[in-house]
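Undergrad: The sequence isn't on hand, but the structure is:
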């Protein structure tokens, strides 16, 4: 049987020439011009080898190869990369052979033959030939996966699993017929509400089984519209995250029911009806028929208008809160977040918090402030002049969360020379702290490229810290002009002349990081 080769090259003419050269060697080729199409073909047809341009449009070559290697069905595919520069073969760190530019078709064909010869002969145990697909949500988000299945008109069931800690699992299911989403369920929640909840999962695993759906169709909205709305709600949820009520909190009605307006939105009406029976936010969200984000946004609005009162769980007396940086509720939330990234258990590990600074001096100033926080273990060398430069990728220290876990503070260089490091360091980070000082325009310019690259990563969050020298006051218009896209809840002005006030603000910031 002839080996099958998938060629993914944004240069369509070069891709056809490589295909012709491989065909002369007895190989069967298929050519695509962008990463999304290549991923769809690879998942459905499982080629023996992949030839991919490094700077492939939509999904870059290294990312495409990483996704395929994370899938048990496609992890054995041999990969040959097409370099974009003459020196790519020597300096690029990718798992596979790199043919530097200009990539001659005959040379590429020879590299493919060599890669096929050294490829492991045994097939992946999950390859079974049944058209199934497995993978990790961290590598391929659920929304992108469903979009690929929609374009490919797939029929079957997608099972999504995530860990909840203490070896517990939560499983959701999405049913598709000819590429259209027809039903979804997670726990007791079904329909569009379940689909939107699953789309918000950013960690866990998925399995696609190509079989006729055995679930009654409960979703009739067009699939493209569903996925667009799901993405919109996720983006809004992330933007509003610090303001939405915690799921563990409880609610009470502050006004008599006789004072409620006669005409209210159906969603608000349903929320108030459910509140007659349940007071915990999680229960209200679960039992309302509307999507989770819409329910939380409605609760937030009712709280803001004074119609509902929010009661966050008191987990520690004042003295204990003063002694510990994180409350037990925040610790539990971080533990749950870490568990999602290591399904199946394993030793506890620290979370990662990135530090992106306009210059080394502002990093040293922050290090001095952090030392005042309980549980902070900051490298004593950081405060010395010359001990840290803006080009150092180094751990500043650690914040103890409990006896087993903590938060590592990692200084990330903002210079464009380190651009390849940004997505690697940002993957799985809890958040990024962007450190700025005056003049604000210059400080913003120093970090903007790196900040934008990190912000483009899935589920990225950023908190901006402006360190003010003694007597320094920032013009509100200057802040608005330079930080126009920053939400007020993620902006903190830290006065260097008042360590006590700065400590209070840092406590508040870390509480928001774990909210």
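TA: Looks like it arrived, so ask away. Computed from a predicted model, the values in this text were never measured in an experiment.
Undergrad: Please count neighbours and contacts with C-alpha atoms only from this point.
TA: Fine.
Undergrad: Check which residues of stretch 497-507 are buried.
TA: Within stretch 497-507, the residues that qualify as buried are 502-503, 505-507, counting by 16 or more other C-alpha atoms under 10 Å.
Undergrad: Run through who's touching that stretch.
TA: Residues lying outside stretch 497-507 but in contact with it, judged by C-alpha atoms under 8 Å, 6 or more residues apart in numbering, are 325, 369-370, 372-373, 469-471, 492, 494-496.
Undergrad: And the strands in the stretch 401-515 of the chain?
TA: For the stretch 401-515 of the chain, the strands defined by DSSP state E, counting those that start in this stretch cover 406-411, 431-436, 462-468, 491-495.
Undergrad: Would you mind giving these as CSV with mean neighbour count and distance to residue 254 added?
TA: Formatted as CSV, these follow (neighbours: other C-alpha atoms under 10 Å; distance: least, C-alpha to C-alpha, whole Å):
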stretch, mean neighbour count, distance to residue 254
strand 406-411, 22, 39
strand 431-436, 24, 35
strand 462-468, 21, 33
strand 491-495, 19, 31
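Undergrad: which one of the ones you listed lies closest to residue 137?
TA: Taking C-alpha to C-alpha, strand 431-436 is the member of the strands of the stretch 401-515 of the chain nearest to residue 137, at 18.8 Å.
Undergrad: Not counting its own residues, what contacts that closest one?
TA: 352-358, 362-363, 443-444, 447, 451, 460-467, 513.
Undergrad: do the same with stretch 185-192
TA: The contact list for stretch 185-192 (C-alpha under 8 Å, 6+ apart) reads 170-174, 183-184, 194-195, 198, 218-219, 286, 291.
Undergrad: out of the buried residues of stretch 497-507, who's nearest residue 332?
TA: Looking at the buried residues of stretch 497-507 and their distance to residue 332, the nearest is residue 507, at 17.2 Å (C-alpha to C-alpha).
Undergrad: ok, so what distance separates that closest one from residue 445?
TA: Distance of residue 507 to residue 445, computed by C-alpha to C-alpha, to the nearest Å: 27 Å.
Undergrad: same check, this time on residue 98
TA: With the distance defined as C-alpha to C-alpha, residue 98 ends up 35 Å from residue 445.
Undergrad: More neighbours: which of the two?
TA: A count of neighbours by other C-alpha atoms under 10 Å puts residue 98 above the other of residue 98 and residue 445, at 27 against 13.
Undergrad: beta partners for the more buried one?
TA: Partner residues in beta bridges with residue 98, using DSSP bridges, are residue 81.
Undergrad: ok, back up a step: just send the strands of the stretch 401-515 of the chain back as CSV, with distance to residue 56 and mean pLDDT too.
TA: Conversion of these to CSV gives the following (distance: least, C-alpha to C-alpha, whole Å; pLDDT from 0 to 100):
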stretch, distance to residue 56, mean pLDDT
strand 406-411, 30, 90
strand 431-436, 28, 90
strand 462-468, 28, 86
strand 491-495, 36, 81
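Undergrad: In JSON lines: the ones you listed, plus distance to residue 230.
TA: What follows is the strands of the stretch 401-515 of the chain, written out as JSON lines (distance: least, C-alpha to C-alpha, whole Å):
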{"stretch": "strand 406-411", "distance to residue 230": "31"}
{"stretch": "strand 431-436", "distance to residue 230": "23"}
{"stretch": "strand 462-468", "distance to residue 230": "22"}
{"stretch": "strand 491-495", "distance to residue 230": "28"}
